[in-house]
Structure formats: C-alpha cells, structure tokens
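Student: Curious how this folds, go ahead:
(2 chains)
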Amino acid sequence: MSGDGKLPVHAKGQRPQFFDDPAVDKLLAMVMALAGEVAVLRDRNDTLERLIDQKGLVDRDEIESYKPSQEVREARDAWRAEYLSHILRVVDVGADDMGRNDVSEQWKKVMESVDD
Amino acid sequence: MHMPDHEQFAHAVLPEATPDEFSRQEFVKSFKLHLATKVSPNNKVVYEQEVKPAFEKEHGRAPDSRHEIRNAMTQHPHYQAWSSLLRTSQELMWKACQGSVERQLDTLIDRASAKNTEAGGTLTLNPAVEMPRYLAAVDIHCQPGNYNAEVKANDVSAGAVYDTGVYLYAMGRLGPLNDDMGASQAMYIKRTFPGLKPKRILDLGCAAGHSTVPYKSVFPDAEVYAVDVAAPMLRYAHARAESLSVPIHFSQQNAESMDFEDDSFDLIVSHILIHETSTKALRNIMKECRRVLKRGGLTVHSETPPYKGMDDYDAFILDWDAYNNNEPFWSKSHEFDPVEAATQYDFDPGKTFEALIPSVFEEDQAKRTNVFQGGDFGGSGMWYVFGLWREQ
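Tutor: Below you'll find the model as predicted:
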C-alpha cells in the first residue's frame, strides 16, 4: 500500500463526553494543547539562555535583572494588544454582530435578504 | 520529568525528535505524571466523602459494583475534569509522537529495510491476514490509524509511533527498551520453573516486539517466534530486533488461527494482548495455545489484575480505559478466570497459577505510584500473570 505519508489525525471511535456541556471537554483539550505549546516555547527559551550563558555572550543574571526601556515596553505593549485582539476577536462585540443575543433572528433576516 | 539516566534506547529505527518535538513529548510525560499523582488520587477522596454518602442516602446501601460506582462518579465535577484531562493527555501523546515520525518517515522506512538480516531473525508477511473485527471497530487506545494504517509503501509508521508512545504512556517506567513486561515475565518463568528449559518460544500479539526481545536474553538457547496481525508493527519490530542484534522470527498471523504445527512450542506467552481481543477470540486463542503447545508445555499471559476479589472502587478506577480510551474488551477481559479456562480448554487444572510478579526494572521504583489505575500504566511496579500447563 502507498499514500502521501500523512499520518491519520483522528482515532476511529466516538470521543467520550465527560462534562454536561461538550464544549467544556473541547475547551479543556484546547487549553492543554496550548499549555503544551507554551511548555515547548519555554524549553526553547531555556535552551537559548543556557547556550548564550555557556558561551559567555550574556550572563543569565543579566537576563534576570534586565529592565526594559520605555521604548521596549511600548513595543511589547503594542505586540500584546495585537496578540489579544487576535485571540479575543470572537468576544469583540464591535467587530461584527456575533456577540448579540438575537443572532438567529438577525441571521434569518440576512438569509431572507439574499433570497430574492 | 526529564530522566537523563534512562532515555529511551536509541536503536536504529527509533524516531529522532527535534528539540521542539522532544519538549512536546516531555510535556505529555509531565502532564500524565501530574494527573496520576496529583489529580487521580482525589477521585477516591470525592468518592468517599461525597459520592458514596450521597448514593447511600438515595439507595439505603453502598454501591455494590464498579458499574454503580462509575455511574455515580460520572456526575462528579472532579471525576469529569480528571477524565477529560486524561483523555486529552492520551490524544496529545499520540500527536506528540506522530510529528517526528511523519517528518522522517522515508528515513525510517529506509533504515528498517536496511536492517533486514543482521542478527538472523526473519520477517514473514501475509497480506491475506485481515484485522479482526475487535481490532478494526475502533482505533485501540486512541492511536490514530491503529496498529495497521499504511500511509507509504513498506510503512513502519504505526510501529514507530507506538514505540515512542508506549515509552511516554508508561512515563519511562518500562525501561529504556519498553521491555519490562517481557523481561519480568521471562525472569519469573525461568526462576519459578527451572526445569522448563524451553527450546521454542512463541509470543502472541507482539506489536513492536518490546516484550518479545527479552525472552532471547533470558533463554539464549531458545528459538523465539512472534506473531501479530499488523504488518507495519511487524516490519518495525523486525528491524528493531535486528538492530538490537536479537534474532526473532516474526510472522503476520492472527493468534486465533496460526499456521504452526501441533505440539510445536515449549512456551507460549502474551503481554497485555488479552484485553484487546474479544470473548470469541479469547476462546480461539486459548484453543490455539493448547494445540501448538508441546506436552508438558506452559503458556503464560500478563495483564493488569483481574477484578475478581478486587475492591469495587479499585476495579472502577482501573476500568477507566474500557469506556474512555478505546479499549472495548478491557472490562470484560478482566473477568477472565484462568482456573475455569484450564478445564474448558483441556489444560492441567491442578497446575494452573496466578501471580503478581515484581517488575525487574527497579531503577525507577521511587517514581512509581504503587497503584493500578487508569492512565498510570506500569505505576504499580507489579505485573499480573496467569499460567496454564499442558499435561505431559
């Protein structure tokens, strides 16, 4: 047998639901997947710090005592603002009409408006 | 839980991980250890303090089976959270192993093909062997693609993913070669039955050959055979054994119906095979063991302990995989009674034995939880085995 070399993504078999609301199970899975990726980044960062320390480029104490300048803080503020707006797009009511309670009514109107 | 004192042994076909892939796997190991040591124990606390009293109040009696405990516990938020996290850890585990295998699959296939005859073992594949219904119904323990998915010619990916996955699943506690079950069982047999001196040994449902290989070290004079239904596992197992310089004769066969002649083995073993079969298959496997075993031969099988005589709560927590980790025969298989089987399948009823045997891999004893529980495989430091003798 031959194929494209891509391994299957899902295991055959129904995924169990533990919480009353299945969304909680999914959310928890996403949180832990993200926690895993944070741990990966943390390890990578740790690798970098150890290497530059070993090579005498930067002392690790220097990293610990680093105080960002005003310019650096502003750059980081700007990056975090952009980052959060990406992550929280879905709860940004101003971005679209998704945050309203009467979504189904509104959507019905949109559907009707194109049904001519 | 980075354990530089015993990383997984880097045989020729073990997938190599980039630093990020390695970190991803290490995260899963830590996540699983946290669940086993910090989160799982509180299931017992909420059961004793909340769930059991509430059940007693409602029914006027305590729960009287693992099933009643499960039904009551599934309503509790702590059990829900632990279960949801444990299931997630299993999925993340496979994902973390798949990444490095997919990236270097061509290399692994090439290495496996090159490791064909170094040690003198053999590989016999038979494309006519189908995955039996009990293995094809769901992907066992949630490995995407199961034991048999083939995504390239001469694929070994299922074996490579499984090898890394088992190491993570047991959190390294099966040793650098994932061989603790086979090594412990082989040593137990050698010490307990010094007169056996097997010349031909057969391992059933060998998968990546983790448990098969140590039989050759413990019984160096024996010829060791191993069967499995899945070709990608066998290709991997063969290449792995050859690279470890251990000659094993692997063949693609269903243990329910093998092409070996009657009376052809002195010792037939399996390791956590039984819970992945079915009522009917188990019957057939026992009959096959009886048929291919020589007179005076022994068959020994290891599993997690049976529920008979076990506290209902302990059985409930060990039963988690049956419902939540694609192990549909797990629950039923733990009700298997070897003494009944001896009579039923014409083994010597007087010599049937059951034992909890110690793990030979003691190096990591301090990291064990010393309990049998879902999501904590190898945590107990003990293996349950049962053995049946064919009469002389």
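Student: alpha carbons only for contacts and neighbour counts from here, please
Tutor: OK.
Student: tell me the secondary structure for residue B:383?
Tutor: strand (DSSP: H, G, I helix; E, B strand; the rest coil).
Student: count of residues packed around it?
Tutor: As a burial measure, residue B:383 scores 21 neighbours (other Cα atoms under 10 Å in any protein chain shown).
Student: For it, list the residues it contacts.
Tutor: Listed by Cα atoms under 8 Å, 6 or more residues apart in numbering or on different chains, the contact partners of residue B:383 are B:181, B:302-305, B:356-359.
Student: again, but for residue B:388
Tutor: B:298-300, B:338, B:342, B:347-349, B:351-353.
Student: Point out the least confident member of those, please.
Tutor: Ranked by pLDDT, the contacts of residue B:388 bottom out at residue B:349, which has 90.
Student: Specify the local secondary structure of the closest residue to it other than its chain neighbours.
Tutor: What sits nearest to residue B:349 in space, not counting adjacent residues and going by Cα to Cα, 6 or more residues apart in numbering or on different chains, is residue B:342, at 5.2 Å. For residue B:342, the assignment made with three-state DSSP gives helix.
Student: just the buried members of the contacts of residue B:383?
Tutor: Buried by 16 or more other Cα atoms under 10 Å in any protein chain shown: B:181, B:302-305, B:357-359, out of the contacts of residue B:383.
Student: Which of these fall within helices?
Tutor: Among these, the members found in helices (DSSP state H) are residue B:181.
Student: Would you convert the buried ones among the contacts of residue B:383 into JSON lines that also reports pLDDT?
Tutor: JSON lines is the format used below for the buried ones among the contacts of residue B:383 (pLDDT from 0 to 100):
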{"residue": "B:181", "pLDDT": "95"}
{"residue": "B:302", "pLDDT": "95"}
{"residue": "B:303", "pLDDT": "92"}
{"residue": "B:304", "pLDDT": "88"}
{"residue": "B:305", "pLDDT": "89"}
{"residue": "B:357", "pLDDT": "92"}
{"residue": "B:358", "pLDDT": "87"}
{"residue": "B:359", "pLDDT": "87"}
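Student: can you redo the buried ones among the contacts of residue B:383 as CSV with distance to residue B:48?
Tutor: Below are the buried ones among the contacts of residue B:383 laid out as CSV (distance: Cα to Cα, whole Å):
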residue, distance to residue B:48
B:181, 33
B:302, 31
B:303, 28
B:304, 24
B:305, 23
B:357, 30
B:358, 30
B:359, 31
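Student: Helices along the stretch 251-392 of chain B, start to end?
Tutor: Here the stretch 251-392 of chain B has its helices, by DSSP state H, counting those that start in this stretch, at B:279-292, B:312-318, B:320-324, B:330-333, B:338-344.
Student: Indicate which one of these is closest to residue B:373.
Tutor: The closest of those to residue B:373 is helix B:312-318. By Cα to Cα, the value is 4.5 Å.
Student: Quick check: phi and psi on residue B:203?
Tutor: Main-chain dihedrals, residue B:203, degrees, to the nearest 10: phi -110, psi 130.
Student: how about it, what does it touch?
Tutor: By Cα under 8 Å, 6+ apart, the residues touching residue B:203 are B:212, B:224-227, B:268-270.
Student: Residue B:180 - nearest residue in space that isn't next to it in sequence?
Tutor: Counting by Cα to Cα, 6+ apart, the residue nearest residue B:180 is residue B:174, at 4.7 Å.
Student: contacting residues around that neighbour?
Tutor: Neighbours of residue B:174 in contact, by Cα under 8 Å, 6+ apart: B:167, B:180-181, B:361, B:378.
Student: give me that answer again for 10 Å
Tutor: Neighbouring residues of residue B:174 by Cα atoms under 10 Å, 6 or more residues apart in numbering or on different chains: B:8, B:166-168, B:180-183, B:210, B:359-362, B:364, B:377-379, B:381.
Student: If any of the residues you listed are buried, put those into a ChimeraX selection.
Tutor: Entered in ChimeraX, the line below selects the buried ones among those, by 16+ other Cα under 10 Å:
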select /B:8,166,167,168,180,181,182,183,210,359,360,361,377,378,379,381
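Student: Narrow the contacts of residue B:174 to those in strands?
Tutor: Using DSSP state E, no member of the contacts of residue B:174 sits in strands.
Student: Between the contacts of residue B:383, which sits nearest residue A:33?
Tutor: After measuring these against residue A:33 - Cα to Cα - the closest member comes out as residue B:304, at 29.6 Å.
Student: Tell me the spacing between the closest one and residue B:354.
Tutor: Distance of residue B:304 to residue B:354, given as Cα to Cα, to the nearest Å: 12 Å.
Student: Check residue B:178 too.
Tutor: Using Cα to Cα, residue B:178 is found at 23 Å from residue B:354.
Student: Which one's more surrounded, those two?
Tutor: Neighbour count, other Cα under 10 Å: between residue B:178 and residue B:354, residue B:178 has more, with 24 against 17.
Student: Who are the contact partners of that one?
Tutor: So residue B:178 contacts B:8-9, B:163-164, B:166-168, B:170, B:172, B:208-211, B:361 (Cα under 10 Å, 6+ apart).
Student: one more time with 7 Å, if that's ok
Tutor: Contact analysis of residue B:178 by Cα atoms under 7 Å, 6 or more residues apart in numbering or on different chains lists B:167, B:210.
Student: Validate this expectation: it resides in a helix.
Tutor: No. Counting by three-state DSSP, residue B:178 is not part of a helix but coil.
Student: Show the model's pLDDT score for it.
Tutor: Listed pLDDT for residue B:178 reads 95.
Student: and the gap between the residue nearest to residue B:273 when sequence neighbours are not counted and residue B:321?
Tutor: Excluding the flanking residues, the one nearest residue B:273 by Cα to Cα, 6+ apart is residue B:205, at 5.9 Å. To residue B:321, residue B:205 is 19 Å away according to Cα to Cα.
Student: Show me what from chain B comes close to chain A.
Tutor: Within chain B, the positions near chain A by Cα under 7 Å from any Cα of the partner chain are B:20, B:23-24, B:27, B:80, B:83-84, B:88, B:102, B:138-139, B:142-145, B:150-153, B:324, B:326.
Student: can you tell me which of these are in helices?
Tutor: Reading helices off those with DSSP H, I get B:20, B:23-24, B:27, B:80, B:83-84, B:88, B:102, B:324.
Student: quick revisit: report how many residues lie close to the residue nearest to residue B:273.
Tutor: Neighbours of residue B:205 under the rule other Cα under 10 Å: 26.
Student: my read: it touches residue B:227, true?
Tutor: Yes. Counting by Cα atoms under 7 Å, residue B:205 does reach residue B:227; the two are 5.7 Å apart.
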